[in-house]
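Colleague: Model the following, please.
(2 chains)
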Amino acid sequence: MSRANQKRLLLWAALFGASILPTLSVVRTAMAEPEDDDAPQAGEALSLTELTKKKRAVLTAMPNDETVLINVTARQMPASPDILNLGRKSTKALARCVSDNVDDHLRGLCAQMLGRLGDKAGLTALQGALEAWDAGVRRAAIDALRRMPDPSSVGPLSKILAREDEEESNRAAALEVLGAMNDRKALALVRKALRDDATDLRVPAFKGLWKSRHMISHANLVSDVTYALGSSDASLVLPGTFAASELRSPELVTPLIKLLSHPDTHVRNRAVYALGKIGDRAATRALLAEVPRVRESRMLNNIAFALERLDPQAFYATAGTLAAHKQAQIRMNTAFVLGDVQRPEGLPLLRAALEDKNDTVKLSAVRALGKLHTPDAASVLERYIDDPNSTLKTAAIYSIYAVAGASRKDLVYDKLYSSPDAATKLEAAVALGRVNDARVTQDLVTCMELRTCKLLDVDPFLRASKSPDVPGRTLLAWSKGRSDLTDLVAAMRPEGVGPLGRSEVSASLAHHDLPRTLVAIDLTGEMTDAQAVAVLQPLLTHENTRLRLHAAVALARAGRTEADAVLFREMDNLPFEQLPSFVRLVSRVTEPAARARLTPELVKRETGSDAPVAVAAAAVHLAWAPETAVFRMLAALSSPSRQDRDLAERYLVRNDTVIVTELLRRALAREGNESTRNQLRRILDLRADRNRTP
Amino acid sequence: MAAFAAALAGAILSAGCGPGPDEAPARDAHDAPVPATEPRAELTLNVNLVARHDCEEAFDLALYKEPAVELISWTGDAGSCENRRVKVRYLSARASRGVIVSRIQKLTKKAEVVSP
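Modeller: Predicted coordinates for the structure are as follows:
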């Protein structure tokens, strides 16, 4: 290298070094900074052990000393799960933290936890925090107030809207929360914001208004939704289409039809979906006119479903045209839709599609025929059972099996189960398991053990199996950590499950494996095993709330009345967000004696003033005695409170029993209140959609 | 005239005029519990439902309009509209067996009483 080049290189190196000095300095500072909140802060020199002790001391003091969080620093603050484990006993301390701590981050954190607790004793502190200097604290308070709607929050939340220096995102959040307050003044504010073109708050205003829909007359609701649908802002139009689907008002047909040419695909699809739900024939012509223009299969499917609903004749005429369309993709979609509507009228069109030159169209038609529930569909497929195209052959065999059921199980066994291909064989075994064909027992037990099939697909077979091999192998898999098999093991009650369950409770407890301990307690509870009492009884005073609860449920099932009091004490103290888990857990109680003992306390809570606890109690009762308890849920659905309505909807959607579907249909048929009827309709749709989803 | 009124209302709404005052929706009739002491009876039938995408639900909603019908239970292929077996529990002091059967026949393509 020449001297000149060396000089140039040194110069460049010096310049580069000078240029990255500030960066290096920042990197050094960043690396020197603590990586978590446990690092000492100014004036503190606590070791990790001392810090742990301090946190523990703060946590222990929280239920009895409401001032304990006023002077804690971020380092000394106990972890959120530990605070939530205290339940509502921590409300007062958290409220003082929100009001009196000087650290904005901690104030926000405390406000957030108050929201998760949902205890109205925290309302005053949260409303006060709406005037905090820090926007983050105000936001945390707004979000927490959403969880505990109360008319007293309307005034303070309104001030958020009026503040000139308020952040736009806080105003938006406040509008949505105001809509959930069941208050006419709040509703007026929300509606005013919806019609205010000068701000960007129309979307949150519409969402807030929709939360108040039970307080709005039909005419006004239609007017508000029409306004949203006619907006030039696509983000407002979209929630409008969802609202239209629920409202199902024929007055919305015209504004929805206009959206069929909207530039946003999602809006167009939702508009078609809403037109289908409304079911007004006035939309038929517009939907038919769209068909030749459609470029996406989803839209085509939505149009077909809408037409099938509002004018079946027009639907089949259109399907006939589409089945002869020049694009194979559209012919394939047409076959798919004809199968999905499941009506025998589709048979001639699908039979014709079998002659299509395109294999994907033919395959779509073969699969669709399997959904028609007519024996004629099976007979037209017979010619494909030895087709050289293996995909077509397999689809035809499954379609015949779907139509004819168990009477054609040998076809699946001979043609597919005998395949040398492992995946084809397993798929056939699972299909045969659905009709309890004992020839596939070993395949299904093995696939359960190796997780090569979905447990949901083989669970009914394994429960019904008479093979002595099945219970033992299932228990063995459970003992190796397969917690997902708990309900299956409980149903089979294999020999040795009692002692194994008890030992697992002790072992997983010793290993501090909380999830596994809970599962083992649940299994022990299923056995209503008298010997389990000695293992479970001490857990009633364990420091972990979930553990206490699971133990209380298991003991209550075994007839231990001392557990009943623990169960209800915990229920009354639980954070709002944990009540659905409580409902799931207590719904497991099947023993008539335990139910009879616990029902009076549940019924007492159903009529209490604490909405989340009352509706949770009704949800447990619904699981135990649906015909009796459904009326409390219906009352919640008709409540003047949006929170009651939303909670009832949530529990009614989650309960997946057939009888609840029937009771909801009965309620819908007899309901005279339009708002409640809309909500019942929505719940039934959500339940049906869930059942349709594989 | 009605079309003109609807068009006028539409024009007013699209012009950005706000809605009128809200009134609390009136409380209307709804499903209500029946005392356990009231007599009940059951009927089982094989039915062919009117073909449509949601034939079972449509049947239920129509039959539950009859206040004497307390609970409908289905067995068999849930996706099918043909050859379905249905059990209907009804309040026998409020409607006779004949009334319920006749109602079901009107709502189905074919209905055969299996029992009693």
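Colleague: Helices of the stretch 201-350 of chain A, start to end?
Modeller: Counting by DSSP state H, counting those that start in this stretch, the stretch 201-350 of chain A has helices at residues A:202-211, A:218-229, A:234-247, A:253-258, A:265-278, A:284-290, A:297-310, A:312-323, A:328-340, A:347-353.
Colleague: tell me the mean pLDDT for the shortest one?
Modeller: This means helix A:253-258. Averaging pLDDT along helix A:253-258 yields 96.
Colleague: how distant is that helix from the center of its chain?
Modeller: The chain centroid and the centroid of helix A:253-258 are separated by 31 Å under CA atoms, centre = their mean, to the nearest Å.
Colleague: and A:L259, what does it touch?
Modeller: Residues near A:L259 by CB atoms under 8 Å, 6 or more residues apart in numbering or on different chains: A:L229, A:V237, A:T241, A:V267, A:R268, A:A271. Every C-beta, even on glycine, is put in place using the N, C-alpha and C of the backbone.
Colleague: how about 6 Å then?
Modeller: Neighbour list for A:L259: A:V267, A:A271 [criterion: CB atoms under 6 Å, 6 or more residues apart in numbering or on different chains].
Colleague: just to revisit the earlier point, quick one, which of the helices of the stretch 201-350 of chain A is nearest to chain B?
Modeller: Closest of the helices of the stretch 201-350 of chain A to chain B is helix A:218-229, at 3.7 Å (criterion: CB to the nearest CB).
Colleague: helix or strand right after the lowest-mean-pLDDT helix or strand in chain B?
Modeller: None of the helices or strands of chain B scores lower by mean pLDDT, DSSP states H and E than helix B:2-14, at a mean of 41. Downstream of helix B:2-14, the first helix or strand assigned by DSSP states H and E is strand B:40-49.
Colleague: which residues sit against that following strand?
Modeller: Taking contacts as CB under 6 Å, 6+ apart, the residues outside strand B:40-49 that touch it are B:55, B:59, B:81-82, B:84-89, B:92, B:108-115.
Colleague: and with 8 Å instead?
Modeller: Taking CB under 8 Å, 6+ apart as the rule, strand B:40-49 contacts B:55-56, B:58-59, B:70, B:81-92, B:97, B:100-101, B:104, B:108-116.
Colleague: What of stretch A:546-564?
Modeller: Here stretch A:546-564 has contacts from A:514, A:517-518, A:521-522, A:524-526, A:528-530, A:532-533, A:536-537, A:539-542, A:566-567, A:570, A:581-582, A:585-586, A:588-591, A:593-594, A:597-598, A:601, using CB under 8 Å, 6+ apart.
Colleague: so what's residue 39 scoring on pLDDT?
Modeller: I went with chain A, as the question did not name one. On pLDDT, A:A39 comes in at 51.
Colleague: Chain B, not that one
Modeller: 97.
Colleague: what do you get for A:R28?
Modeller: On the pLDDT scale, A:R28 gets 38.
Colleague: Over to A:E296?
Modeller: 79.
Colleague: that older thread, minimum distance to A:K425: which of the helices of the stretch 201-350 of chain A has it?
Modeller: A:K425 sits nearest to helix A:328-340 of all those, at 26.1 Å, using CB to CB.
Colleague: And the helices of the stretch 201-350 of chain A, which one averages the lowest pLDDT?
Modeller: Least confident of the helices of the stretch 201-350 of chain A, judged by mean pLDDT, is helix A:297-310 with a mean of 83.
Colleague: Show me which residues of it are buried.
Modeller: For helix A:297-310, a neighbour-count test (16 or more other CB atoms under 10 Å in any protein chain shown) marks A:M299, A:L300, A:N301, A:N302, A:I303, A:A304, A:F305, A:A306, A:L307, A:E308, A:R309, A:L310 as buried.
Colleague: Mind pulling up the pLDDT for the nearest residue to A:K211 once chain neighbours are set aside?
Modeller: Excluding its sequence neighbours, the residue lying closest to A:K211 (CB to CB, 6 or more residues apart in numbering or on different chains) is A:G179, at 3.9 Å. Predicted confidence (pLDDT) at A:G179: the value is 95.
Colleague: Run a quick check on A:G179 versus A:R213, I expect a contact.
Modeller: No: using CB atoms under 8 Å, A:G179 makes no contact with A:R213, being 9.1 Å away.
Colleague: ok, how many other residues are close to B:E38?
Modeller: 11 (other CB atoms under 10 Å in any protein chain shown).
Colleague: same deal with A:R482?
Modeller: A:R482: 19 surrounding residues under other CB under 10 Å.
Colleague: Roughly how far does it sit from A:L475?
Modeller: Distance, A:R482 to A:L475, using CB to CB, to the nearest Å: 10 Å.
Colleague: how about whatever residue of chain A ends up closest to chain B, secondary structure?
Modeller: For chain A and chain B, the shortest gap (CB to the nearest CB) falls at A:G672, measuring 2.4 Å. Here A:G672 is coil, with the state taken from DSSP: H, G, I helix; E, B strand; the rest coil.
Colleague: Looks like it contacts B:H30 (just checking).
Modeller: Yes: with contact defined as CB under 8 Å, A:G672 reaches B:H30; the gap is 6.1 Å.
Colleague: wouldn't A:A186 be in contact with A:A174 here?
Modeller: No: A:A186 is not in contact with A:A174 according to CB under 8 Å; the separation is 9.8 Å.
Colleague: Show me whatever sits in contact with both of those two.
Modeller: With CB under 8 Å, 6+ apart as the test, A:A186 and A:A174 both reach A:L157.
Colleague: Give me the more crowded residue out of those two.
Modeller: Using other CB under 10 Å as the criterion, A:A186 and A:A174 rank with A:A174 on top: 33 against 27.
Colleague: quick one: the more buried one and A:A141 touch, right?
Modeller: No: assessed by CB under 8 Å, A:A174 is found out of contact with A:A141, at 10.0 Å.
Colleague: mind checking how far A:K454 is from B:K65?
Modeller: 40 Å.
Colleague: And for A:R434?
Modeller: Distance from A:R434 to B:K65, by CB to CB: 36 Å.
Colleague: quick one, which of those two is more surrounded?
Modeller: A:R434 (15 against 12).
Colleague: That one contacts A:V458, correct?
Modeller: No: A:R434 lies out of contact with A:V458 (CB under 8 Å); the separation is 9.2 Å.
Colleague: mind checking pLDDT for the spatially closest residue to A:A490 that is not a sequence neighbour?
Modeller: Nearest non-adjacent residue to A:A490, counting by CB to CB, 6+ apart: A:E526, 3.6 Å away. We have a pLDDT of 90 for A:E526.
Colleague: got the contact list for A:E526?
Modeller: A:T486, A:A490, A:R557, A:R588.
Colleague: right, and the secondary structure at the last one would be what?
Modeller: Put plainly, it is A:R588. coil.
Colleague: How about exporting stretch B:30-50 as PDB, limited to the C-alpha atoms?
Modeller: Only the C-alpha atoms of stretch B:30-50 are listed here, as PDB (Å, rounded to 0.1, in the frame of the first residue of the first chain):
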ATOM      1  CA  HIS B  30     -91.200 -12.800  26.500                       C
ATOM      2  CA  ASP B  31     -90.700 -16.400  27.400                       C
ATOM      3  CA  ALA B  32     -91.700 -17.200  31.000                       C
ATOM      4  CA  PRO B  33     -91.400 -20.100  33.400                       C
ATOM      5  CA  VAL B  34     -94.300 -22.600  33.800                       C
ATOM      6  CA  PRO B  35     -95.000 -24.100  37.200                       C
ATOM      7  CA  ALA B  36     -93.600 -27.600  37.700                       C
ATOM      8  CA  THR B  37     -97.100 -28.700  38.800                       C
ATOM      9  CA  GLU B  38     -98.600 -28.000  35.400                       C
ATOM     10  CA  PRO B  39     -99.300 -31.300  33.500                       C
ATOM     11  CA  ARG B  40     -97.000 -32.100  30.600                       C
ATOM     12  CA  ALA B  41     -97.200 -34.700  27.800                       C
ATOM     13  CA  GLU B  42     -94.800 -35.800  25.000                       C
ATOM     14  CA  LEU B  43     -95.100 -36.700  21.400                       C
ATOM     15  CA  THR B  44     -92.500 -38.300  19.100                       C
ATOM     16  CA  LEU B  45     -92.800 -37.900  15.300                       C
ATOM     17  CA  ASN B  46     -90.800 -38.700  12.200                       C
ATOM     18  CA  VAL B  47     -90.800 -35.600  10.000                       C
ATOM     19  CA  ASN B  48     -89.600 -34.400   6.600                       C
ATOM     20  CA  LEU B  49     -88.900 -30.700   7.000                       C
ATOM     21  CA  VAL B  50     -89.400 -28.000   4.400                       C
END
